[in-house]
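Undergrad: when you get a sec, could you give me coordinates for this:
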Amino acid sequence: MTSVQSSIEQPSRPLTRSDYKTLSLSALGGALEFYDFIIFVFFATVVGKLFFPPDMPEWLRLMQTFGIFAAGYLARPVGGIVMAHFGDLLGRKKMFTLSIFMMALPTLVMGLLPTYAQIGLWAPVLLLLMRVIQGAAIGGEVPGAWVFVSEHVPARHTGYACGTLTAGLTSGILLGSLVATLINTLYTPGEVSDYAWRIPFLLGGVFGLFSVYLRRWLHETPVFAEMQARKALAEELPLRAVLRDHRGAILLSMLLTWLLSAGIVVVILMTPALLQSFYQVSPTDSLKANSLAIVLLSFGCVTAGSLADRFGAGRVFVIGSLLLLASSWTFYHTLPTHPELLFPMYALTGLCVGLVGAVPYVMVKAFPPVVRFSGLSFSYNLAYAIFGGLTPMVVTALLKFSPMAPAYYVAGICVIGLLVGLYLLAKQR
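TA: Okay, the predicted model is just below:
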């Protein structure tokens with residue numbers, strides 16, 4: 001990082017009321033937008049039965065449904081790269097707001113789509129198209145949000161800011177889980193299949209419009225504003241500079257994104273459907289347990305970010321990866337024999353997944369401000385397209401051989417988190 005770039009960073013100072021307002025509005029807006037993106041997965045079982053042929057085997061239907069879910073991830077790099085390019089040249093706030101428009105409309109449309117019984121193969125095709133648009137939107141939202149909050153606060157509070165924002169995003173998952181629980185509580189399975197599954201998607205469209213309104217109150221980041229005043233913005237295509245000068249940061253960020261995606265996708269997003277399909281847990285109980293896990297996850301995100309500020313990311317990833325490995329392994333292996341432990345073990349595992357709150361702390365600091373949005377967005381979205389998109393399909397395929405597939409996958413990812421933590425510790429020395 002050059003001296004000019006270093007001097008552009010926020011000065012050391014306490015967090016102000018304005019900082020907390022920015023964090024609160026950013027986290028709330030991110031929660032509402034993330035709700036739009038993930039509500040699909042909570043109704044994966046119902047959607048799979050409505051949008052695919054009825055005679056399809058259960059495992060294949062689930063794989064096809066998660067395949068459409070994965071399409072949203074595969075579209076992320078395009079949306080993320082384009083928005084990050086303009087975010088580095090025109091401003092963080094403009095792209096931060098644009099992403100919501102691209103999320104609200106397809107969510108609303110998904111709630112109005114006709115099913116396979118009504119229009120045949122066009123049903124999954126249209127569903128796929130809406131997921132692609134959503135993916136492009138979220139590709140700009142998540143890295144843009146991390147950059148936005150990190151450039152508003154002093155450097156020594158970067159972990160807390162990123163952890164808080166990540167907790168806001170996971171709260172969007174909680175909101176989706178609560179809405180799904182409410183729908184499954186108020187309506188019978190027949191009513192959910194007939195029409196009630198549409199309600200959460202229609203609500204998502206309204207949430208999206210509300211998010212747009214919220215972001216009107218946010219201001220451009222001081223870091224970008226100063227770069228703009230100094231005419232220190234990128235003189236070439238930001239992504240070109242990233243690919244040429246920051247390959248190590250790209251690799252590190254992609255590995256951390258793999259850890260993040262595995263924790264969120266497998267433990268939080270896939271597990272409710274797996275509980276229903278493979279462990280005969282009722283939709284209501286599985287979603288209640290999931291909601292509890294997400295509450296602990298959000299708390300864990302803020303804690304992990306704050307600990308990274310104080311003790312460094314290396315220690316957080318070493319200890320956190322070991323804890324996640326132990327808790328997730330125990331959780332999945334006790335489900336068949338001790339179903340009464342579902343709630344406490346899922347909650348503990350959710351808390352340990354909160355390790356992902358320290359991921360953006362490392363990624364934000366890995367790139368200089370002039371190409372930060374592009375570098376973080378490219379690394380995060382490319383990795384999420386590969387690992388986040390393929391993870392559900394890989395785990396579902398492995399379930400044909402062993403019901404412990406989620407435990408094995410998460411364990412492997414924890415080893416990567418441990419190695420990254422050891423690398424960061426060695427780098428500090």
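
Undergrad: SS state for the residue nearest to W329 when sequence neighbours are not counted?
TA: What sits nearest to W329 in space, not counting adjacent residues and going by Cβ to Cβ, 6 or more residues apart in numbering, is A407, at 5.3 Å. For every residue, glycine as well, the C-beta is placed using N, CA and C. On the three-state scheme (DSSP: H, G, I helix; E, B strand; the rest coil), A407 is labelled helix.

Undergrad: so where is the stretch 101-250 of the chain shaky, pLDDT-wise?
TA: 218-237 (pLDDT under 70).

Undergrad: quick one: A407 and Y332 touch, right?
TA: Yes. Between A407 and Y332 there is a contact under Cβ atoms under 8 Å: 3.7 Å.

Undergrad: more neighbours: these two, which one.
TA: More neighbours surround Y332 than the other of A407 and Y332, with 25 against 19 (other Cβ atoms under 10 Å).

Undergrad: ok, that one to C414 distance?
TA: 13 Å (Cβ to Cβ, to the nearest Å).

Undergrad: just the buried positions in stretch 173-187, please.
TA: For stretch 173-187, burial by neighbour count (16 or more other Cβ atoms under 10 Å) applies to 173-181, 183-184, 187.

Undergrad: and stretch 140-148, by the same measure?
TA: 140-148.

Undergrad: ok, stretch 405-424 next?
TA: 405-407, 409-411, 413-414, 416-418, 420-421, 424.

Undergrad: what does stretch 388-401 give?
TA: With burial defined by 16+ other Cβ under 10 Å, the residues of stretch 388-401 counted as buried are 388-393, 395-396, 399.

Undergrad: helices of the stretch 51-200 of the chain, residue ranges please.
TA: 58-74, 76-89, 92-110, 116-119, 122-150, 158-186, 189-191, 198-214 (DSSP state H, counting those that start in this stretch).

Undergrad: now do the contacts for W122.
TA: P114 (Cβ atoms under 8 Å, 6 or more residues apart in numbering).

Undergrad: now it: how far from L129?
TA: 10 Å.

Undergrad: relative to V359, how far out is Y380?
TA: 9 Å.

Undergrad: what does L390 give?
TA: 19 Å.

Undergrad: cool, and V147?
TA: 14 Å.

Undergrad: what is the neighbour count of the spatially closest residue to L214 that is not a sequence neighbour?
TA: Closest residue in space to L214, ignoring its immediate chain neighbours: G29 at 4.7 Å, by Cβ to Cβ, 6+ apart. As a burial measure, G29 scores 29 neighbours (other Cβ under 10 Å).

Undergrad: need the pLDDT of G29.
TA: Note on G29: pLDDT of 74.

Undergrad: any idea how far it is from E141?
TA: For G29, the distance to E141 - Cβ to Cβ - is 9 Å.

Undergrad: what touches both of these two?
TA: I100.

Undergrad: identify the residues contacting Y116.
TA: Contacts of Y116 by Cβ under 8 Å, 6+ apart are 50-53, 123-124.

Undergrad: which one of the residues you listed is nearest L98?
TA: P124 (28.1 Å; Cβ to Cβ).

Undergrad: give me the number of residues near the closest one?
TA: Using other Cβ under 10 Å, P124 has 23 neighbouring residues.

Undergrad: ok, the spatially closest residue to it that is not a sequence neighbour - contacts?
TA: What sits nearest to P124 in space, not counting adjacent residues and going by Cβ to Cβ, 6+ apart, is F51, at 4.9 Å. With contact set as Cβ under 8 Å, 6+ apart, F51 has these partners: 65, 68, 115-116, 123-124, 127.

Undergrad: three-state assignment of L348?
TA: What three-state DSSP gives for L348 is helix.

Undergrad: so which of the buried residues of stretch 388-401 belong to strands?
TA: In strands, judged by DSSP state E, none of the buried residues of stretch 388-401 are found.

Undergrad: adding distance to R315 and pLDDT, write the residues you listed out as CSV.
TA: Formatted as CSV, those follow (distance: Cβ to Cβ, whole Å; pLDDT from 0 to 100):
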residue, distance to R315, pLDDT
G388, 26, 72
G389, 31, 68
L390, 30, 80
T391, 27, 86
P392, 31, 81
M393, 34, 80
V395, 29, 89
T396, 35, 85
L399, 35, 85
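
Undergrad: and the helices in the stretch 251-400 of the chain?
TA: Along the stretch 251-400 of the chain, counting by DSSP H, counting those that start in this stretch, helices occupy 271-278, 283-311, 313-334, 342-353, 359-366, 372-383, 389-398.

Undergrad: and stretch 330-339, end to end?
TA: By Cα to Cα, to the nearest Å, the extent of stretch 330-339 from end to end equals 12 Å.

Undergrad: oh sorry, the question was meant for stretch 114-133
TA: For stretch 114-133, the first-to-last residue distance is 18 Å (Cα to Cα).

Undergrad: equivalent analysis for stretch 364-372, please.
TA: Counting by Cα to Cα, you get 7 Å between the two ends of stretch 364-372.

Undergrad: can you give me the offset of it from its chain's centre?
TA: With Cα atoms, centre = their mean, to the nearest Å as the basis, stretch 364-372 stands 20 Å off its chain's centre.

Undergrad: buried sites along it?
TA: Within stretch 364-372, the residues scored as buried using 16+ other Cβ under 10 Å are 364-372.

Undergrad: repeat that for stretch 104-116.
TA: For stretch 104-116, using 16+ other Cβ under 10 Å, the buried residues are 104-111, 113, 115-116.

Undergrad: could the residues you listed be laid out in TSV, adding distance to P57?
TA: What follows is the buried residues of stretch 104-116, written out as TSV (distance: Cβ to Cβ, whole Å):
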residue	distance to P57
A104	35
L105	34
P106	29
T107	29
L108	32
V109	29
M110	25
G111	28
L113	24
T115	19
Y116	16
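
Undergrad: closest one to L239 out of those residues, please.
TA: P106 (25.8 Å).

Undergrad: excluding chain neighbours, what is closest to that closest one?
TA: Distance criterion Cβ to Cβ, 6+ apart; nearest residue to P106, sequence neighbours excluded, is M130 at 4.0 Å.

Undergrad: what residues are up against the one you found?
TA: The contact partners of M130, taken as Cβ under 8 Å, 6+ apart, are 106-107, 109-110, 113.

Undergrad: what's the neighbour count on M363?
TA: For M363, the count of nearby residues is 29 (other Cβ under 10 Å).

Undergrad: since that was my last question, I'll sign off now.
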